[in-house]
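**Student:** Dropping a prediction and its sequence here:
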Amino acid sequence: MQKRTLRTTLCLALATLPMFASAQLTANVALTSNYKFRGQDQDTGRTRAFKPAIQGGFDYAFGESGWYVGNWNSSVNWLSGNSIESDLYGGYKFAAGGVNWDVGALTYIYPGAKGANTTELYGAGSVGPLTLKYSHTISKDYFGWAGENAGSGYKGRNTGYLNLAFAQEVAPSLTLKAAVGYTRFNGGIKDYTALTSTKIPNYVDYALGVSYDFGSGVALYGGVQGANKKDYFGFVNKARAIVTLSKTL
């Protein structure tokens, strides 16, 4: 029995060797004039438009299998005791019905401020220059909005985010990019914020810009990003001119 188990284990290990042998590791680093997430400034310590952030991470693709994992990080400044966002994700890409699909899970981690930690499941479909993606919160809280980790009794689970993105090369090395997103907060968040007599509104974010590819993995992006409902969220939703220099390794 032990020999049979050992043979089975060795066969499985040998079967997976081609996948690991063709695995691809890429890394990226960027410097941006303002990091916005879903239309909102991730530096609330300053009201001005220039709030530079350094970013970077890596992606590991398991050959042609479609499976991948990755990590992405950015400096942030909207939580007490925390100055970094660290994302961990993994998923599966495949083609079916003329659509390129991407499904997976992503966890946003804020060391020193666990009340903001959030986990989402996502699914995206791409056809030509268009990509439609939906992210659904499965963690108890949504970036601290429900205060669940602080003992509020309310949950942020089932908050959803829908995003439609467009990317099309319009000239050699020049790509036009546009996106619009919609954040729908769940009832737990709305009930919790109602305790302050002001209900949090769902909101729309947007982005429009161009990216120029210099070659060798170097790209420069310039555009405008922001969101509506500024009367509730304040300056963090303001439209900002953003410039980002990135390098893929």
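**Tutor:** Ah, there it is.

**Student:** the helices in this protein, which residues?
**Tutor:** For the chain, applying DSSP state H gives helices covering 2-21, 187-193, 230-233.

**Student:** so what's Arg38 closest to, chain neighbours aside?
**Tutor:** With sequence-adjacent residues excluded and distances taken as C-beta to C-beta, 6 or more residues apart in numbering, Arg38 is closest to Asp205, at 5.1 Å. No exception for glycine: its C-beta is placed from N, CA and C like everyone else's.

**Student:** show me what contacts that neighbour?
**Tutor:** 36, 38-40, 180-183, 225-228, 237 (C-beta atoms under 8 Å, 6 or more residues apart in numbering).

**Student:** and the longest strand for this structure?
**Tutor:** The strand that spans the most residues within the chain, counting by DSSP state E, is strand 82-96.

**Student:** Report the buried residues of stretch 186-193.
**Tutor:** Residues of stretch 186-193 classed as buried: 186, 188-193 (neighbour count, 16 or more other C-beta atoms under 10 Å).

**Student:** In strands, which of the contacts of Asp205 fall?
**Tutor:** Judged by DSSP E, the contacts of Asp205 include 36, 40, 180-183, 225-227 as members of strands.

**Student:** Of those, which is the nearest to Thr118?
**Tutor:** Thr183 (12.4 Å; C-beta to C-beta).

**Student:** right, and the closest one touches Gln40 too?
**Tutor:** No - assessed by C-beta atoms under 8 Å, Thr183 is found out of contact with Gln40, at 9.2 Å.

**Student:** The residue lying closest to Thr47 once chain neighbours are set aside and Ser74: what is the separation?
**Tutor:** Excluding its sequence neighbours, the residue lying closest to Thr47 (C-beta to C-beta, 6+ apart) is Phe235, at 5.0 Å. Phe235 is 19 Å from Ser74, where distance means C-beta to C-beta, to the nearest Å.

**Student:** These two: which has the busier surroundings?
**Tutor:** Ser74 (18 against 14; other C-beta atoms under 10 Å).

**Student:** quick one, what contacts the closest residue to that one other than its chain neighbours?
**Tutor:** The shortest distance from Ser74 to any non-neighbouring residue, by C-beta to C-beta, 6+ apart, is to Gln55 (4.2 Å). For Gln55, the contacting residues are 29-32, 35, 72-75, by C-beta under 8 Å, 6+ apart.

**Student:** now, which of those sits nearest Trp101?
**Tutor:** Nearest member of these to Trp101, counting by C-beta to C-beta, is Trp72, at 20.8 Å.

**Student:** quick one: that closest one and Ile84 touch, right?
**Tutor:** No - counting by C-beta under 8 Å, Trp72 sits too far from Ile84 to count as a contact (11.2 Å).

**Student:** ok, now which ones touch Ser80?
**Tutor:** When contacts are counted by C-beta under 8 Å, 6+ apart, Ser80 touches Ala113.

**Student:** Quick check: the gap between it and Val29.
**Tutor:** Ser80 is 27 Å from Val29, by C-beta to C-beta.
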